[in-house]
Every structure is written in C-alpha cells, then in structure tokens.
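Colleague: quick one, fold the following:
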Amino acid sequence: MEIHAVFEGGGVKGVSLAGAVKASEEAGVTFSRVAGTSSGSIVASMLAAGYDGAGMNRIIRATSFRSFMKRSPVFNTRIIGPPLRVLLKKGLYSGEALESWIRGVLERKGIVRFRDLPSGKLSIIASDITNGRLVVLPDDLPSYGIEPGSFEVARAVRMSCSIPYFFDPVMLRLSARASQGKSFAEQFVYMVDGGLLSNFPMWLFDEDTKEGGPQVPVVGYQMVGRAEPHPNRITGPFSMLQALVETMLSAHDERYIEHEKVVRTVKIPTLGIGTVQFELTPEQSDALYQSGYEAGREFFRKWRPGPHA
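Modeller: Here you go, the predicted structure:
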C-alpha cells in the first residue's frame, strides 16, 4: 500500500518515529511522498534518501544527541555565558553540528541537494520570522530567488530544527535578483523551527487527494503525551525566554486535530520525555522506538483507506 506520510516535530522524541516507520513497512506500506517539521524533517529526509526504519534506528542508536549541543568555550562560562550567547548569536547552540550530522547521513545515500531526489518526494517546513510566513522547502525557495533543486537538504533540515533560542536561527540570503532595491540588511531573512507555525502539516498533501486520478492516502505520524510537568522558575528575562519556548513546544502536543485527520493519524505515546531532553539514555531511546513501533503496528492493523484518507 502506497501512502503520503507527514511526520510531526518533537525534538528528541523523534526517535519514536523510526519505530513507527518500521511497523508501517512490516504492514506493507511504501512511502510515495514524505514531509516533516523539525525532528519529523529528519525522519522524512532519511526516508526520502532510501533509509528504512531499521536503518534509522541503527543510526540513531549510534548518535549522541548531546553532540549537537556545541558552542564556543567562552559561552560556557557559568551564569553569564549562555545568556551572552543568546544575546549575540540568538541561540544557546549553533546547530552546525546537527546540520553536519544529517549531511553525512544523507551523503551516504548519494543525496546532497533536492535535485538528487525525485521531484516532490520531500517537503520540509520552516518558519521565516523575518517576513512572518510559513515556508515549504524546497517549493517556496523561488520567492527568495533560489533555484529549488540547488538547495542543500541538510540545510533545510537544520532550518526546520532550529528551535527558537535553543539553536541559532539560520540566515538565508536573497539572490542578487531578489535583493534588488533592498538594503544590505534587508537581503537576509531568519529561518527557525517549522513547528513555530505548523508542527504537524497534515494539510500539505491534501490537494493531491482532491485532484483527478488515483488517490494516495495521507497518513500522519504524531507524538502525543506531555513531558513530566515541572514548574518554570522565572528569575529574569533569560529564564522567561526559556519558559516561553518550553511552553510553546509542549503546547504542540495538545494541539487539536480535526476528526477526519485523527482517523488517519498514528498516535505515538512519548513516555513523558521532553522535546529538548538531549541526554537520552539507551533505555529511553529503545523505549521510544518501541512505543512508535507498537503504535504503528496497532494503527495499520485496524486502518483502511477511506474517502477522507
């Protein structure tokens, strides 16, 4: 059975998506087009490149998410270091390590730029906070004067994963043609986590299902369940920013989804693990993968494509 798949963002909880992919494959599912936000964009890009659920799990188990949290030693100074980095760089960590990691993963399958994939195979959601708009990569790149096929997939993934104030925003420079008449400062736009505007873009492939010809069902993969509650102690502007971002990210887990989308959504319990809980133990990683596997197996045991699929 062929489907279009949409993967929700959820930081480190995205480990569970690999388990759901494995269960989907065992149910006879093949992925036609894939899309994702934040950690969902990582899974979608790996699927588009040719990895399967088991391959994803092997890569994830061999990866220390802690390694993504890199910054210059000067910004590790107690008390003043992290706030100073946010003020100067707009994030606690650069995000370059994450981009380098996914670039290497994709290159092993011969994928560097979007032109290396079949047209329309992969869609990644990011948020343009300069212009206040949602961006679908690579489709929306022409509005920035950039040829879609020439854009690096790893760069797009980093944009989608740039949690505000946690990772630096990614600067995108307009092409010479698109920047005509603009000042130097106006030639740059800031891109951050797609989850800021659409963490679960189930709408993305809906137009495909309305056109004539054979209809490919759209299935969403969503991570549900809040992290263990804890109070945010706000002592100043920096701690308030942290609390705001954590609240925004956790609120996505409670987002309402219309009934017709619920019936085509694999809901994966995330076992109380937080979005930016980057120091996962091997046991927690395995538990998330298994949770995704069980949720996917249960969904495809019951689900049959219908008129709203």
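Colleague: from P201, how far out is A156?
Modeller: Applying Cβ to Cβ, to the nearest Å, the value for A156 to P201 is 14 Å. In this view, the C-beta of every residue, glycine as well, is placed from N, C-alpha and C.
Colleague: the stretch 51-200 of the chain: strands as residue ranges?
Modeller: Listed in chain order, the strands of the stretch 51-200 of the chain (DSSP state E, counting those that start in this stretch) span residues 91-93, 122-128, 133-137, 165-167, 170-173, 188-193.
Colleague: please identify the most buried of those.
Modeller: Most buried of these, by mean neighbour count (mean count of other Cβ atoms under 10 Å): strand 122-128, with a mean of 27.
Colleague: now that one: mean pLDDT?
Modeller: For strand 122-128, the mean pLDDT works out to 96.
Colleague: other residues contacting that strand?
Modeller: Outside of strand 122-128, the residues within contact range by Cβ atoms under 8 Å, 6 or more residues apart in numbering are 33-37, 41, 44-45, 48, 114, 133-139, 153, 156-157, 159-160, 162, 189-198, 201, 204.
Colleague: stretch 104-113 now?
Modeller: 45-46, 48-51, 59, 103, 116-117, 149-154.
Colleague: out of those residues, which sit inside helices?
Modeller: S45, M46, A48, A49, I59, R103, V153, A154 (DSSP state H).
Colleague: for these, give me TSV that also has distance to G14, neighbour count and pLDDT.
Modeller: Shown next, in TSV, are those (distance: Cβ to Cβ, whole Å; neighbours: other Cβ atoms under 10 Å; pLDDT from 0 to 100):
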residue	distance to G14	neighbour count	pLDDT
S45	12	27	98
M46	11	28	97
A48	15	25	98
A49	16	21	98
I59	12	17	92
R103	17	17	97
V153	16	26	98
A154	16	23	98
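Colleague: and of these, the nearest to S183?
Modeller: A154 (29.7 Å; Cβ to Cβ).
Colleague: gap between the closest residue to the closest one other than its chain neighbours and M1?
Modeller: Leaving aside its sequence neighbours, A154 sits nearest to R103 (Cβ to Cβ, 6 or more residues apart in numbering; 3.7 Å). Noted for R103: a distance of 32 Å to M1, by Cβ to Cβ.
Colleague: equivalent analysis for L122, please.
Modeller: Taking Cβ to Cβ, one finds L122 at 20 Å from M1.
Colleague: now do the helix or strand hosting A20, average pLDDT.
Modeller: If you go by DSSP states H and E, A20 is part of helix 15-26. Taken as a whole, helix 15-26 has a mean pLDDT of 96.
Colleague: buried sites along it?
Modeller: V15, S16, L17, A18, G19, A20, V21, K22, A23, S24, E25 (16 or more other Cβ atoms under 10 Å).
Colleague: pretty sure the second one sits against M223.
Modeller: Yes - using Cβ atoms under 8 Å, S16 makes contact with M223 at a distance of 5.9 Å.
Colleague: contacting residues around M171?
Modeller: F188, V189, Y190, M191.
Colleague: what about 6 Å?
Modeller: F188 (Cβ atoms under 6 Å, 6 or more residues apart in numbering).
Colleague: before we move on, the earlier item: overlap in contacts of S16 and M223?
Modeller: Common contacts of S16 and M223 (Cβ under 6 Å, 6+ apart): I268.
Colleague: tell me the spacing between I59 and E25.
Modeller: Counting by Cβ to Cβ, the gap from I59 to E25 is 16 Å.
Colleague: from what I can see Y190 touches T130, true?
Modeller: Yes - with contact defined as Cβ atoms under 6 Å, Y190 reaches T130; the gap is 5.1 Å.
Colleague: where in the stretch 201-309 of the chain is pLDDT low?
Modeller: Residue ranges of the stretch 201-309 of the chain with pLDDT under 70: 207-214, 226-263, 306-309.
Colleague: P305 versus the one residue sitting closest to the centre of the chain, what's the distance?
Modeller: By Cα atoms, centre = their mean, the chain has its centre lying nearest to S38, at 1.7 Å. Taking Cβ to Cβ as the measure, S38 falls 27 Å from P305.
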